[in-house]
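Provided below are the primary sequence and the corresponding predicted coordinates.
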Amino acid sequence: MADLPTLLRASLDPASRKQAEQNLNALSTQKGFLTHLLALVLQQSQDLPVRLAGGVYLKNIAKLRWEEDVQPLAEDDKTALRSQLVPAMLALSNPADKTVRAQIAESVALIAELDFPAKWNDLIDQLVSSLSLTDYNVNVGVLETAHSIFKQWRAQVRSDKLYSEINLVLEKFVTPFLQLFKRTAELLTNPTSAPSITTPASNYTLVAQAMVLLTDIFYDLTCHDLPPAIEDSYDDFFGSTGLFHGFLAWDPAELRGDPDDVTPSYPSKIKTRILEIGEATMDQTNVWVLIGSNKLPGIADDALVSQSLRFISTAIRTGYYKDLFSSKETISTLVQGVVIPNVSLREHDVEQFEDDPLEFIRLDLSLSAAGTDLATRRHAAADVLQALVGSGFEAETTEIVGSWVNTGLSQYNANKQENWKAKDSAIFLLTAIATRGSTTQHGVTSTNALVDVVKFFSEHVYQDLQDTSGSVHPILQVDAIRFLYAFRNQLTKEQLLSVLPLLVQHLRSSNYVTYTYAAIAIERILFIKQKNELLFSQADIHDSAAQLLDALLGKVEAGGTPEKIAENDHLMKCTMRVILTARQTLIPLHQQILARLVAILGVISKNPSNPNFDQYIFESISGLMRFVVEGSPATLPYFEQTLFGPFTVIIQQDIDQYVPYVFQVLAQMLELHNKEVPTEYRSLLPFLLTPAVWQQKGSIPGLVKLLRAFIARDAAQMVAGGQMASVLAVVQQRLIPSKVNDAWGFELLQSVVAHVRPSDLQQQYLRPIIMTLLTRMQTNKTENYAYLFSRFVLYIFALNVESLNPDILISTVEGIQPQLWSQILTNFVIPQAPKVPHRDRKLAVVGMIRLLCQSKLMMEQPSVRSWPAGYGALGKLFSEPQHLTKSSEEEGSTGITEIDYEEQTAGYQAAYSRLGASATKEVDVVAYVPNPQEFLQSQLQGLAQQYGQERVSSLLAAAGGPI
């Protein structure tokens, strides 16, 4: 443990990080490590970077290993840590420890999510006893911890378990919380009442910080329902003279920020949270007064203004103010005083367009969302218009906004050089008023019938799209591209194809936002689906694919450094989409394209920094190989020669962000070899079976896919070389014992059973496999594991492999313990069989038929007593015969239509990043049964011939008659 500070310091240096992390992981298995680590974090004598690294490491243990099944943390250590975490938060209440405290607060939240209240029943008592009416340094620490625990309720679905947890918290927490809330409000609005607490100014700021957290927690406690204690105090908070209305007008000079500061002030944060709490509860006229006539123009107030606008939108949608808005004059006043000022571009927006283009794009693409930094004024103002249109005021709102649109266009036409912002606002207003429904993934899905979107595009937008760079303000060109992007579903395929060349031109623009928006629009247009089929095919971009990819990759390569190359994932996403659409069109170009992709990968691998970019570049490589080799199998060796070198480097350097992708692409390449395994792959196998490779959770799915490809092509050699035993050791030690990875273990076992010779299977492997599965069933059974186990049993029965019949499995089970099979059948297989998902129905049906009709042991005591129940389960499986056949639609585009990460929140902590382009169609092991109903009848006839019709009829009668 004495080495801990040294190891933490070494983990901060890229040169020594890997080795330090390995040593830390080894050290973390020692008894007492968790509390020792926390003690180091609290040591003021240690350097802050070391303490912070310790806090991050503790948080990652809580996040990734707290419930680890393989090499679990000792329960005594976990108990000891839980008892020390809240006191640790209080010890870190000094403002200088803010960054360290944040890590510990997140650790508390992560552990509480898993252990509270069952294993941590004194957590709330610890928090309540720590609250103070005088020491706000301590209060901030306690409130941060409480909020980190309670905020998770906001996203959870109502359930008895959730409500029990909330009620338990309320019982202990709500009374002291309300006392502190009212006391803090008194200190803020009347600081002279307790100068010892509110002075100097830094203390007053601390009290305001506490109030921000108190309003956060108020929202946490009321997000599902108003608790009785808060309902009893309703007027104190929501009444016309209540605390919330008072705070909306509160603006102390001591807490006002610098006008140029982009960080919201504490009063702004408090008001924003009050509006989140009070949506549809408080009088919206107060809010109207708060933000009307552009009273809060500063960047720091953006979140407050956005939330205020959202508040007004919610008030409109409730219908409570229907009489107020039935007046056209009211709507006009709202549009003029509230909407228009917040739609107009500010100097800050123009500067951001030029100086921080990625942030401009990020905000411009975002939707108004409460409580996030993505809630831009423009989107929130658009939401007000959409609320009016959707609440019965469509005609009035369209007419009023239409006049503003015409005014803006007239101003622009009068002086295009000076008044370009007027046209920008006009296009934004028209987009807002025309949109009745939209999604991030699909753009506008329904429009206002009173607005002719296509006409507006052709008369006012198309010209800007057509103009060359420099002839029109770049923001107007971006507006034109964005308009096309938003209303892509309202244009026909022919119209979209006609503008595609213009978008290709804009890809070569020198303006960052312009070429990035062009990439975004092209990618989304190529992803348009109608009736679940992609609208654009390779024929549609046959002539432009090469030009598109050259422009896109040229922009990516121009970044130079790893960070700059990877920062713009929109370019790589569009590259991926072009490759997936162009498919075999790229056969003549595949060598140049692959070489460029591999060169980019080589640069960014020096410092991986953008997980979305990483996903898209590997999808691009995988998709290119998939379709080029499909069209020209002779190209596979080139892909192997080009990729083996960089992939070897990634594995040797253990670049953990990329290793999971590498295993998936290697598996994809090996699966393209239909016969035996080439030598260069076989030499990789011993490495794949070393325990260290399986320690990274994100690698496990790719490793399983790769090993399954080996087993399918090389099972006999692997048995002869002893490598199949190593595969089963991985299953037994790393996969089946883990609740997270047990499904991958079953996938590997399916391959073993399907491809190992039945004689080898029965003699060497089947008994250890069953023992492993039953051990897990006995020690750590879950509902999902019971299903996976039962499905595996049915899979074995369904396999049409010579010499592999149901009795091999049954006799193996009986050899472990007499009459054990009857227990497994009755308690697991029969109850679970009818629960299989639709995609597995046919497998379960065929497996159950073969068990009932091909097993001699099933016709003997005691198993035969379960025969009628098994037949009954079969009847339930047959109750939905439409799921017993596979449609041809499932065949061709496996994985491709799933490759859409528009709403994905990817990150390096995500356990597994699946490559959609590398997905292969699962082998249908029951394809030999074209008609399950006919198969059942023929098998029952065979059973009757063997055992007599009378006996079979009596079994069917006991089951309730034939199906």
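Cool, got the structure.

show me the contacts for the residue nearest to Val262 when sequence neighbours are not counted.
With sequence-adjacent residues excluded and distances taken as C-beta to C-beta, 6 or more residues apart in numbering, Val262 is closest to Ile299, at 4.4 Å. Glycine gets a C-beta too; all of them are placed from N, C-alpha and C. Neighbour list for Ile299: 260-262, 348 [criterion: C-beta atoms under 8 Å, 6 or more residues apart in numbering].

OK, contacts around Gln156?
Applying C-beta under 8 Å, 6+ apart to Gln156 gives the contacts Leu162.

ok, now how distant is it from Leu170?
Separation of Gln156 from Leu170 (C-beta to C-beta, to the nearest Å): 16 Å.

next one: Ala62
Counting by C-beta to C-beta - Ala62 and Leu170 are separated by 25 Å.

Assign Ser438 to helix, strand or coil.
At Ser438 the chain is in strand, as set by DSSP: H, G, I helix; E, B strand; the rest coil.

Near it, how many other residues are there?
Under the neighbour criterion other C-beta atoms under 10 Å, Ser438 is assigned a count of 18.

cool, and Lys98?
Around Lys98 there are 13 other residues, counting by other C-beta under 10 Å.

so where is the stretch 151-300 of the chain shaky, pLDDT-wise?
Where the stretch 151-300 of the chain drops to pLDDT under 70, the residues are 279-297.

Helices of that one, start to end?
Secondary structure of the stretch 151-300 of the chain (DSSP state H, counting those that start in this stretch): helices located at 160-189, 195-198, 201-222, 228-232, 234-238, 243-248, 266-277, 284-291.

Next: the stretch 801-950 of the chain.
Counting by DSSP H, counting those that start in this stretch, the stretch 801-950 of the chain has these helices, from start to end: 806-816, 820-824, 830-832, 841-854, 867-877, 889-892, 932-947, 949-958.

In JSON lines: these, plus distance to Leu526 and mean pLDDT.
Shown next, in JSON lines, are the helices of the stretch 801-950 of the chain (distance: least, C-beta to C-beta, whole Å; pLDDT from 0 to 100):
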{"stretch": "helix 806-816", "distance to Leu526": "49", "mean pLDDT": "96"}
{"stretch": "helix 820-824", "distance to Leu526": "50", "mean pLDDT": "95"}
{"stretch": "helix 830-832", "distance to Leu526": "42", "mean pLDDT": "96"}
{"stretch": "helix 841-854", "distance to Leu526": "35", "mean pLDDT": "96"}
{"stretch": "helix 867-877", "distance to Leu526": "40", "mean pLDDT": "94"}
{"stretch": "helix 889-892", "distance to Leu526": "18", "mean pLDDT": "47"}
{"stretch": "helix 932-947", "distance to Leu526": "40", "mean pLDDT": "95"}
{"stretch": "helix 949-958", "distance to Leu526": "56", "mean pLDDT": "94"}
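
So which of those helices is nearest Thr175?
Taking C-beta to C-beta as the measure, the helices of the stretch 801-950 of the chain were each checked against Thr175, and helix 830-832 came out nearest at 47.4 Å.

So which other helices or strands are in contact with the closest one?
Counting contacts by 3 or more C-beta pairs under 8 Å, 6 or more residues apart in numbering; DSSP states H and E, the secondary-structure elements packed against helix 830-832 are helix 783-798, helix 867-877.

Other residues contacting the shortest one?
Contacts of helix 867-877 with the rest of the structure, by C-beta under 8 Å, 6+ apart, involve 825-826, 829-831, 833-834, 836, 841, 844-845, 848-849, 851-852, 858-859, 936, 955-956, 958-960, 963.

picking that back up, most neighbours per residue, which of the helices of the stretch 151-300 of the chain?
helix 266-277 (a mean of 24; mean count of other C-beta atoms under 10 Å).

which residues sit against that one?
Outside helix 266-277, the residues that touch it by C-beta under 8 Å, 6+ apart are 205, 208-209, 211-212, 215-216, 218-219, 222, 244, 247-248, 250-252, 255-257, 264, 287, 290, 300-301, 303-304, 307-308, 310-311, 370-371.

cool, stretch 55-70 as well?
Here stretch 55-70 makes contact (C-beta under 8 Å, 6+ apart) with 8, 11, 24, 28, 34, 37-38, 41, 73, 78, 100, 102-104, 106-107, 110-111, 114, 697, 733-734, 737-740, 780, 909.

one more time with 7 Å
For stretch 55-70, the surrounding residues in contact (C-beta atoms under 7 Å, 6 or more residues apart in numbering) are 8, 24, 28, 37-38, 41, 73, 100, 103-104, 106-107, 110-111, 114, 734, 737-739, 780, 909.

of those, buried ones?
Buried members of the contacts of stretch 55-70, scored by 16 or more other C-beta atoms under 10 Å, are 8, 24, 28, 37-38, 41, 73, 100, 103-104, 106-107, 110-111, 734, 737-738.

check contacts around the closest residue to Leu507 other than its chain neighbours.
On the basis of C-beta to C-beta, 6+ apart, the spatially nearest residue to Leu507 that is not a chain neighbour turns out to be Ala551, at 4.0 Å. Contacts for Ala551 were tallied using C-beta under 7 Å, 6+ apart; they are 504, 507-508.

following the helix or strand harbouring Thr99, which helix or strand shows up next?
If you go by DSSP states H and E, Thr99 is part of helix 98-115. Tracing the chain past helix 98-115, the next element assigned as helix or strand by DSSP H and E is helix 123-130.

what pLDDT, on average, does that next one get?
Looking at helix 123-130 alone, the average pLDDT works out to 95.

Stretch 717-728 too?
For stretch 717-728, mean pLDDT is 95.

before we move on, what about stretch 133-144?
The predicted confidence, averaged over stretch 133-144, sits at 92.

picking that back up, using CSV, lay out the contacts of Ile299 together with distance to Asn137.
Below are the contacts of Ile299 laid out as CSV (distance: C-beta to C-beta, whole Å):
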residue, distance to Asn137
Asp260, 29
Asp261, 24
Val262, 26
His348, 35
